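Asks: Predicted model and sequence below, questions to follow.
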Amino acid sequence: MTATTDSPVADDTDDGPNDFLRDAINTDMADGRTSNGVVTRFPPEPNAYLHVGHAKAICVNFGIAEQFGGRCNLRFDDTNPVREEQEYVDSMIEDIRWLGFDWGERELYASDYFEQLFDWACELINKGLAYVDDQSADQIRATRGSLTEPGQNSPHRDRAAEESLDLFKRMRAGEFADGEKVLRAKIDMAAPNVNLRDPVMYRILRATHHRTADEWCIYPMYDWAHGQGDSIEGVTHSLCTLEFEDHRPLYDWYIEQLGIFPSRQIEYARGNITYTVTSKRRLLQLVEKGLVSNWDDPRLPTLQGMRRRGVPPEAIRRFWREVGVAKRENNVEVSLLEYYMRDHLNKVAPRFMGVLNPLKVVIENYPEGDVEHLEGVNNPEDPSAGTRQIPFGRELWIERDDFMEDPPKKFFRLAPGREVRLRYAYFITCTQVVKDESGQIVEIRCTYDPATKGGDSPDGRKVKATLHWVAASTALQAQVRLYDRLFTVENPTDVADDEDWLDNLNPDSLQTLETCYLEPALAELKVGEGCQFERLGYFCVDPDSTSQRLVFNRTVALRDAWSKVKKKGG
RNA sequence: UGCCCGGUCGUUCAAUUGGUAGGACAACGGAUUUUGGUUCCGUCUAUCGAGGUUCAAAUCCUCGCCGGGCAGCCA
């Protein structure tokens, strides 16, 4: 395969499973319909921030182009200036790049084709295939018929082509008020497919466009722009979501009447994920009502949010590739995404120790004031990551969950009289539990065995647990934000008429821990960089960090067999 | 009750196009382990229904049933 694509994605270039899109493309190639290569496009409307659902479309379109040695254009579908803004263009470009795709010089816009679209519209008018309608929006709606009844012809449907052409040019010239006239395709008001009932091609809209400013006061509709843009660009396969299936006859009709390059539209099912919402409207509500901090809230499935949370783009790409593409409605389990997050992070994330819910440990037989440095492996999955020195001392922090005064049978961490290993350090044995007047455990007293330095016992005795720890005297203090799924149910928007989908919000989706202790090496980590806190999960540095205090986001927890045992009442 | 699309393990995608229903995740069990992580091994579970064609049907046909989309001068 000759790879001429601009998007070499090194880590996931293997083709993955077959699907009906690739089958169709293979067939078209065999039939000689792709002599200039396979061309796809990702066509967002710049009116919102990209989310993980868009990522599927991006992966499908760029992925297929790459796999077939073709190319994928980025084309902004900017035909409605009242909704679109440059800010969204910029953020989309940033997000797609972050995901790992590249479109070379082909940053394209539907608005690039406004003049051509206008000329083609004139051509259709001349052929008697389009006409200017003077009816109001209400009248057009009223005469469109219903799902079960045909529509009625507009009184202007059969006006002379010359008259329509004149009117259309005057529409462009600004002689009419917004909404006063439209250009309509002349197809069939009795068509069972409502999209074919003389669809509107142009409306008059006095709004400043983010690229063409006030050059135009008429704007093409989606159907009369998208397929034409595809054709102009030589897009061989225009892959879109299922709701456009009913539009395909119109897509094909315009191309056929114009006799231009026949792009082929194929529809596939959008990707949904359990416990998350991706509709623009709903994401907007979450942000505007302050239910999340902003568009980049790490709990949101926006690409900005996922990036801030530390989700590796590789995981998103891998996820959508493995999920595949089909035509049936789907709701993929979020655990699959989490699996690929862990799978990637496990290979690349440097390990550190951090204590989230600290409990003080004093090693009674360790010399007061002494600090020694012990060697830790940075990444057991990647020897080239090397080692680091970790300071150890008489007073340490361990995780509160790692000690139980009266442990159940299957708990094999620290308990009175029990010996455990401190990772990379020593075996310690709990000798005493110190409580305050309310009975709360405030400190654990232990002894250590100097012969077990590094964590090995020369006499071969075993311990059942290895704990992470941080030396108190050199610890970094940090805030850590733990995220849980934003909703408590798999389908948050699946609610009865008298229910509010927002009632499904998880009240505990964010837990902020103000006093966490980290090993000092973590001070070197920069904003956005990720790591593993051993035994806990993957974390990354949040932009809220200051030189005074680090802030970490938990990207995803490690799989936790103990929590399952605990739940079962172990 | 118009038109279009879809229905395969809990989830999702496959099945060389009519020839032993398979993978991944999840779940469950076990081995290894200086992360109750990783890795490894194993187990469990599915063709919406009824007819028909055929030596043979997830696949083709018919009729049902269920789910989704469509009546913007949105995309």
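Replies: Right, received. Where do you want to start?
Asks: Give me the distance from the helix or strand hosting A:Leu250 to the chain's centre.
Replies: Here A:Leu250, judged by DSSP states H and E, is contained in helix A:248-258. For helix A:248-258, the separation from the chain centroid amounts to 33 Å (computed by C-alpha atoms, centre = their mean, to the nearest Å).
Asks: now stretch A:22-33
Replies: Using C-alpha atoms, centre = their mean, the offset of stretch A:22-33 from its chain centre is 30 Å.
Asks: What about the residue of the stretch 401-550 of chain A found nearest RNA strand B, how many residues nearby?
Replies: Residue nearest to RNA strand B within the stretch 401-550 of chain A (C-beta to the nearest atom of the strand): A:Gly455, separated by 2.0 Å. Every residue, glycine included, has its C-beta placed from N, CA and C. Residues lying near A:Gly455 (other C-beta atoms under 10 Å) number 16.
Asks: does it really touch A:Tyr448, like I thought?
Replies: No: shown here, A:Gly455 and A:Tyr448 do not form a contact pair, counting by C-beta atoms under 8 Å, at 11.4 Å.
Asks: Could you double-check that A:Val434 lies in contact with A:Pro416?
Replies: No: contact criterion C-beta under 8 Å: A:Val434 and A:Pro416 do not qualify, at 11.6 Å.
Asks: More neighbours: which of these two?
Replies: Looking at A:Val434 and A:Pro416 with other C-beta under 10 Å, you find the greater number of neighbours at A:Pro416, namely 15 against 11.
Asks: Quick check, pLDDT for that one.
Replies: What the model reports as pLDDT for A:Pro416 is 98.
Asks: helix or strand for it, which one?
Replies: A:Pro416 is part of no helix or strand when elements are defined by DSSP H and E.
Asks: I'd say it and A:Thr429 touch.
Replies: No: A:Pro416 is beyond contact range of A:Thr429, at 9.5 Å (criterion: C-beta under 8 Å).
Asks: Identify the residues contacting the residue of the stretch 401-550 of chain A closest to RNA strand B.
Replies: Shown in contact with A:Gly455 (C-beta atoms under 8 Å, 6 or more residues apart in numbering): A:Arg421, A:Leu422, A:Arg423, A:Tyr424, A:Ala425, A:Tyr426, A:Phe427, A:Thr466.
Asks: Tell me which of those fall in strands.
Replies: Taking DSSP state E, the ones among these that sit in strands are A:Arg421, A:Leu422, A:Phe427, A:Thr466.
Asks: quick one, the next helix or strand after the helix holding A:Leu250 and helix A:248-258 angle?
Replies: For helix A:248-258, the following helix or strand on the C-terminal side (DSSP H and E) is strand A:264-268. On the basis of axes from the mean of the first three to the mean of the last three C-alpha atoms, to 10 degrees, strand A:264-268 is oriented at 170 degrees to helix A:248-258.
Asks: and strand A:264-268, average pLDDT?
Replies: pLDDT averaged over strand A:264-268 gives 98.
Asks: Now do it: everything it contacts.
Replies: With C-beta under 8 Å, 6+ apart as the test, strand A:264-268 has contacts from A:20-21, A:24, A:28, A:33, A:60, A:227, A:230, A:236-242, A:244-245, A:247-248, A:251-252, A:325-327.
Asks: one more time with 6 Å
Replies: By C-beta atoms under 6 Å, 6 or more residues apart in numbering, the list of residues contacting strand A:264-268 from outside reads A:Ala24, A:His237, A:Ser238, A:Leu239, A:Cys240, A:Leu242, A:Phe244, A:Glu245, A:Arg248, A:Tyr251, A:Val325.
Asks: same deal with stretch A:441-454?
Replies: A:360-366, A:403, A:426-436, A:458.
Asks: Now, of those, which are buried?
Replies: Buried positions within the contacts of stretch A:441-454, assessed by neighbour count (16 or more other C-beta atoms under 10 Å), are A:Val361, A:Val362, A:Ile363, A:Tyr366, A:Phe403, A:Tyr426, A:Phe427, A:Ile428, A:Thr429, A:Cys430.
Asks: In strands, which of the residues you listed appear?
Replies: A:Val361, A:Val362, A:Ile363, A:Phe427, A:Ile428, A:Thr429, A:Cys430.
Asks: Tabulate those residues (TSV), appending pLDDT and distance to A:Asp133.
Replies: Formatted as TSV, those follow (pLDDT from 0 to 100; distance: C-beta to C-beta, whole Å):
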residue	pLDDT	distance to A:Asp133
A:Val361	98	81
A:Val362	98	85
A:Ile363	98	86
A:Phe427	98	86
A:Ile428	98	84
A:Thr429	98	88
A:Cys430	98	85
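Asks: which of those sit farthest apart?
Replies: A:Val362 and A:Phe427 (15.9 Å; C-beta to C-beta).
Asks: How confident was the prediction at A:Lys568?
Replies: The per-residue pLDDT reported for A:Lys568 equals 79.
Asks: what's the neighbour count on it?
Replies: A total of 8 residues lie near A:Lys568 under the criterion other C-beta under 10 Å.
Asks: Would you confirm that A:Glu84 contacts A:Asp78?
Replies: Yes: judged on C-beta atoms under 6 Å, A:Glu84 makes contact with A:Asp78 at a distance of 5.0 Å.
Asks: more neighbours, these two?
Replies: The neighbour comparison of A:Glu84 against A:Asp78 (other C-beta under 10 Å) goes to A:Asp78, with 28 against 22.
Asks: gap between that one and RNA strand B?
Replies: 8 Å (C-beta to the nearest atom of the strand, to the nearest Å).
Asks: before we move on, what SS does that residue have?
Replies: Assigned by DSSP: H, G, I helix; E, B strand; the rest coil, the conformation of A:Asp78 is coil.
Asks: I'd guessed A:Pro312 sits against A:Asp343; true?
Replies: No: here A:Pro312 does not reach A:Asp343: they are 9.6 Å apart, not a contact under C-beta under 6 Å.
Asks: Roughly how far does the most centrally placed residue in chain A sit from RNA strand B?
Replies: Centroid check for chain A by C-alpha atoms, centre = their mean gives A:Val52 as the closest residue, at 2.7 Å. Computed as C-beta to the nearest atom of the strand, the A:Val52 to RNA strand B distance reads 14 Å.
Asks: A:Met189 now?
Replies: 11 Å.
Asks: Which residue is the nearest non-sequential neighbour of A:Glu490?
Replies: Spatial nearest neighbour of A:Glu490, chain neighbours left out: A:Thr274 (4.2 Å); criterion: C-beta to C-beta, 6 or more residues apart in numbering.
Asks: Tell me how many other residues surround the one you found.
Replies: Applying other C-beta under 10 Å, we find 17 other residues in the vicinity of A:Thr274.
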